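>>> what follows is a predicted structure for the sequence shown.
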Amino acid sequence: MVRLITHNLLACHVKGCNSNNFPLAFDGPQIEIREAEFNSDFLMGFFPKIEWSALVNASRQLGDQSLPEQQPDAENIDDALLKALHHVLLEIHVENGKMICPNCSHIYPISNGIPNMLLAEHEIA
């Protein structure tokens, strides 16, 4: 399933697409909100690994405005921000749509929550 925790790690790997291949842009996303168990320790452990601007932009593409533009320092994270981060990373599911590489415009379709990241033989580096 495509959640923003996964999306924040995906980049295009088409042959020759070596720069500006992250983050993938959403096109025509159909989302579903599914509750997930809140775990602040997990979120704080994952926080340093987040590409913040990519996460914020992706969440905005999906209609969520809850995260601040600038990444806060880890010591300045309060419960409200942790809950917003939890919602964005773990509860927003992209069920259908596309992800598009900003560099080469390769399209990665999403169907039933599963992204097709497979490349044709001629696209493999």
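Cool, the structure landed.

>>> make it CA atoms for all contacts and neighbour counts henceforth
Will do.

>>> which stretches of the chain have low pLDDT?
Along the chain, the parts satisfying pLDDT under 70 run over 125.

>>> show me where it has its helices.
4-7, 40-46, 52-61, 79-86 (DSSP state H).

>>> which of the residues in the last one are buried?
Spelled out, it's helix 79-86. Going by neighbour count (16 or more other Cα atoms under 10 Å), the buried part of helix 79-86 is Leu82, Lys83, Ala84, Leu85, His86.

>>> give me the angle between that helix and helix 52-61.
Inter-element angle recorded for helix 79-86 and helix 52-61: 80 degrees (by axes from the mean of the first three to the mean of the last three Cα atoms, to 10 degrees).

>>> and the contacts of helix 79-86?
Outside helix 79-86, the residues within contact range by Cα atoms under 8 Å, 6 or more residues apart in numbering are Phe38, Ser40, Leu43, Ser66, Leu67.
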